[in-house]
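Asker: Need coordinates for the below:
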Amino acid sequence: KLLRPLSAFSDAMTCLAKCITVEHNKKGGLLSSSGGSSIAASIRDKIQNEFDEEDVEQLRRVLPGCAEILGTRRTSLFCPTSTSVASATVPLRRGSGSRLGSFSLNLLGGKESISRMHYAVRRLLKIVCSHFKGVVLFIDDLQWSDTATLDLMKSIALDGEIPSLLIV
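Answerer: Below you'll find the predicted structure:
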């Protein structure tokens, strides 16, 4: 199996997303306080309200197995999306970029894009963890992980604002 950057973390988040969308809703006993809607719907609504379209798209690329909890972005006539601004950006050097997951980061914004992705993942985890008494995120074969995964894990571990998260 050819490993891609962040694959161990992406696999763990896919399992978590499946647990949220399938298992908890199938059992029917775990409802949020928002008028009886499912936990998955509550998480999806909070993501849609707190994330901009660019961050949701970035999370979809890095965590493709989480698409169902990320939902689709509602467009607004009063709040232009950042994609029109992003498409106007011209990189300083052509062809100089690195691959992370299935999307490219140009050299100009590489470190900034990675920091923004870390921040988006931490915000996603804060939203998810706030809906449960505890969340265990199991990262399989962490000793074989790539640098991108280890950097993301460090970023998550150092964030003291993610409630009730245990990383194994």
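Asker: In contact with the residue lying closest to residue 140 once chain neighbours are set aside, which residues?
Answerer: Spatial nearest neighbour of residue 140, excluding adjacent residues (C-beta to C-beta, 6 or more residues apart in numbering): residue 8 at 6.0 Å. All C-beta atoms are positioned from the backbone trio N, CA, C, and that covers glycine. When contacts are counted by C-beta atoms under 8 Å, 6 or more residues apart in numbering, residue 8 touches 139, 140, 141, 142, 144, 145, 149.
Asker: Surely residue 8 forms part of a strand?
Answerer: No: under DSSP: H, G, I helix; E, B strand; the rest coil, residue 8 falls outside any strand and is assigned helix.
Asker: wait, doesn't residue 129 sit right on residue 162?
Answerer: Yes: if you go by C-beta atoms under 8 Å, residue 129 and residue 162 touch, sitting 5.6 Å apart.
Asker: Specify the local secondary structure of residue 166.
Answerer: Criterion first, three-state DSSP; result for residue 166: strand.
Asker: Where does the closest residue to it other than its chain neighbours fall, secondary structure wise?
Answerer: In space, residue 166 comes closest to residue 136 once its chain neighbours are excluded; the distance is 4.8 Å by C-beta to C-beta, 6+ apart. Using DSSP states H and E, residue 136 sits in strand 135-137.
Asker: Next SSE downstream of that strand?
Answerer: Per DSSP H and E, the helix or strand that comes after strand 135-137 is helix 147-158.
Asker: which helices and strands does that next one pack with?
Answerer: helix 7-18, helix 110-129, strand 165-167 (3 or more C-beta pairs under 8 Å, 6 or more residues apart in numbering; DSSP states H and E).
Asker: taking the mean pLDDT, what do you get for that helix?
Answerer: Regarding helix 147-158, the rounded mean pLDDT is 95.
Asker: Next: stretch 52-69.
Answerer: The average pLDDT within stretch 52-69 is 93.
Asker: Report the contact partners of residue 135.
Answerer: Residues near residue 135 by C-beta under 8 Å, 6+ apart: 16, 125, 128, 129, 164, 165, 166.
Asker: Export these to a markdown table and append columns for neighbour count.
Answerer: Below are these laid out as a markdown table (neighbours: other C-beta atoms under 10 Å):
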| residue | neighbour count |
| --- | --- |
| 16 | 22 |
| 125 | 21 |
| 128 | 24 |
| 129 | 19 |
| 164 | 12 |
| 165 | 17 |
| 166 | 10 |
